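>>> Here is my input, please return the structure:
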Amino acid sequence: MKKPFPIAVLVSIIFVVLSLAHAQEPKTGSRGIISVPLANVHEAPLPKSRLATQVLLGDEVRIVEKKDYRYHITIPSQDGREGWIQQEAVLALQDRAHAIGSRQKIVITRAKTEALILDKTGNHNVPLYAGTRLPVLERTTKDYTVQFPDRTVAVIAAADVMPVKSSDPIMNDTTPEEIAATAMQFVGVSHHDGGLTSQGMDTDGLIYIVYRVHGMTLGTDRSSFKTHAARVDKKDIQAGDILVFSGESNGLALGNGRFLQAAKKRTMQVASIGAHALQYGLRVIGAEPGQNKVPAAMTADEILLAQARAARLPLNKRIVYWAGRFVGTPYDPDPLGLYVRTNRIVADEKVDCMYLTFRSVELARSSTPFDAVSQALALRFPATGVLADGLVTNYDQRYQYGEDMAFGGKFGRNVTADLGPTKTIPGSRGKDQVDILSKSTLLMRGLQKNLQDGDIIYWVKDPKKRVVEEIVAHLSIVHIKGGKPYLIHAAGDKDRADRPGGGVVKEVPFAQYVQNMRFIGAFVTRFEQ
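This is a model prediction of the structure:
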């Protein structure tokens, strides 16, 4: 059996010296907080007991009992896993607010980084590991000033961290590709049973840390993974899925038939899934019932459940959530729109840009599928829609032009002038002039930073290209990811005599879309809750 990591012991000594003035011995049954960068948790209170797992700086633990100079603890962030830890690694949790994060928290995203400690003993560096979460005192463009559990202040490079994401799958926007990219940092790390860091780890430790970096807490063994994930058939494996092989072996999918696994007495390696006895996968991202279904494939009960789960979000994020559910839905090439042609409120099987906007807002503003219909009758018409025998009888009185939605007040406040300098262009259909954000203004970083989730973008045509005097040619919904704006929109073309239409709902980077678009600018409206 390998001995505990010498580096962890050395760093523990350093931190104990720094924190003795602040430490208060935790009592049995109390909460404690880990005060060292990395601490070993053993299965028994014996010097050579098997390593059960590890805990990171700032992790909260529960003290079950004390024996000699060790504590028997449970670890909430690892689904209550138990073990024994050196008492010097644990501080009494005197300030509950510090532990639960009354301040914004960041998480270390790099496999290993260093924090510069600033105290009266002199500045010095201390190693920190991926998955470590710490409260923020101050941020600059280059670094974060954070606080350790013993109130020590340290500085960490901004490039090595990110704000802690939500643990709720609805609020967490992590992609499978991001999971795979984080996991690839650990290629070549030595295998170590129970390890969680670049000092040494096993496959379960890799899975735990990678998902923890992205805000999701899974536990550190297969049974725990199952409680946080949905089972998927091996033919449907995608990047980020947890792989369950015959026996006790697990892996983390990277995409394209590859996965990561730490073989016994070896290192973390990329391997081919086809060469192993794969049983099935476990999917964490989008694991709630029906999460990966587009609305057309959802039952009324599944829509009701999704609305209930999304209800905890602010309205603007609910709009983004429902717009995102339509990604992958075929574009509606009908020039009039399938929903209008068939006199229906719900026609989710194919959508155009206006229907996508209508439906995303309606589902976000309602608590049941029936309520969404009521919202549609109120929102899609300057006055109100009339429903008879399940069909709309006055679709000829609907909003037919995006500019009417933008200036009508039902689709949020027009914030165009709030976002940046505007440009006046000729109007139409009762408006002599209109103010828009020009293409060059839309490309300004300052403007893009001011965009918010759920903003509705109305893309404006060149006046010379207007066909029926319409001002707006297309609509999109803003989604902020990683601090950058993206657009969810029904990207496609309507049927023409010389060209069949088609397309799909997709999400694209805002700046990229603006750079390549054929429009001259945009209006923006925003729902404010």
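
>>> Only C-alpha atoms from now on, for both contacts and neighbour counts.
Noted.

>>> What ranges does the stretch 401-529 of the chain have for its helices?
With helices called from DSSP state H, counting those that start in this stretch, the stretch 401-529 of the chain shows them at 402-408, 416-419, 439-442, 445-450, 510-516.

>>> what's the closest of these to Ile34?
helix 445-450 (36.4 Å; C-alpha to C-alpha).

>>> so how far is stretch 295-310 from its chain's centroid?
20 Å (C-alpha atoms, centre = their mean, to the nearest Å).

>>> Can you list the buried residues in that stretch?
295, 298, 302-307, 309-310 (16 or more other C-alpha atoms under 10 Å).

>>> what pLDDT, on average, does it get?
For stretch 295-310, mean pLDDT rounds to 90.

>>> again with stretch 179-188
Rounded mean pLDDT across stretch 179-188 is 95.

>>> Outline the domain layout of this protein.
As assigned by automatic domain parsing, the chain contains the domains 6-98, 176-283, 290-529.

>>> Format these as CSV; extra columns: distance to Gln104.
Below are these laid out as CSV (distance: least, C-alpha to C-alpha, whole Å):
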stretch, distance to Gln104
domain 6-98, 11
domain 176-283, 13
domain 290-529, 15
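
>>> export the helices of the stretch 401-529 of the chain to JSON lines and tack on mean pLDDT, mean neighbour count and distance to Thr525?
Listed next are these as JSON lines, based on pLDDT from 0 to 100; neighbours: other C-alpha atoms under 10 Å; distance: least, C-alpha to C-alpha, whole Å:
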{"stretch": "helix 402-408", "mean pLDDT": "94", "mean neighbour count": "19", "distance to Thr525": "6"}
{"stretch": "helix 416-419", "mean pLDDT": "96", "mean neighbour count": "16", "distance to Thr525": "7"}
{"stretch": "helix 439-442", "mean pLDDT": "96", "mean neighbour count": "17", "distance to Thr525": "14"}
{"stretch": "helix 445-450", "mean pLDDT": "95", "mean neighbour count": "14", "distance to Thr525": "13"}
{"stretch": "helix 510-516", "mean pLDDT": "96", "mean neighbour count": "15", "distance to Thr525": "16"}
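
>>> now those in a markdown table, with distance to Lys461?
A markdown table is the format used below for those (distance: least, C-alpha to C-alpha, whole Å):
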| stretch | distance to Lys461 |
| --- | --- |
| helix 402-408 | 11 |
| helix 416-419 | 16 |
| helix 439-442 | 11 |
| helix 445-450 | 20 |
| helix 510-516 | 13 |
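
>>> Just the closest of the buried residues of stretch 295-310 to Gly427, please.
Comparing the buried residues of stretch 295-310 against Gly427 with C-alpha to C-alpha places Pro295 closest, at 36.3 Å.

>>> Need the phi and psi values for that closest one.
When read as degrees, to the nearest 10, the backbone of Pro295 gives phi -50, psi -30.

>>> Chain neighbours aside, what residue packs nearest to Tyr69?
What sits nearest to Tyr69 in space, not counting adjacent residues and going by C-alpha to C-alpha, 6 or more residues apart in numbering, is Gln87, at 5.7 Å.

>>> isn't the one you found right up against His72?
No. At 9.3 Å, Gln87 does not count as touching His72 under the criterion of C-alpha atoms under 8 Å.

>>> Roughly how far does Arg139 sit from Ala158?
Distance from Arg139 to Ala158, counting by C-alpha to C-alpha, to the nearest Å: 8 Å.

>>> So which of those two has more stuff around it?
Ala158 (17 against 14; other C-alpha atoms under 10 Å).

>>> separation between the more buried one and Lys506?
Relative to Lys506, Ala158 is positioned 31 Å away (C-alpha to C-alpha).
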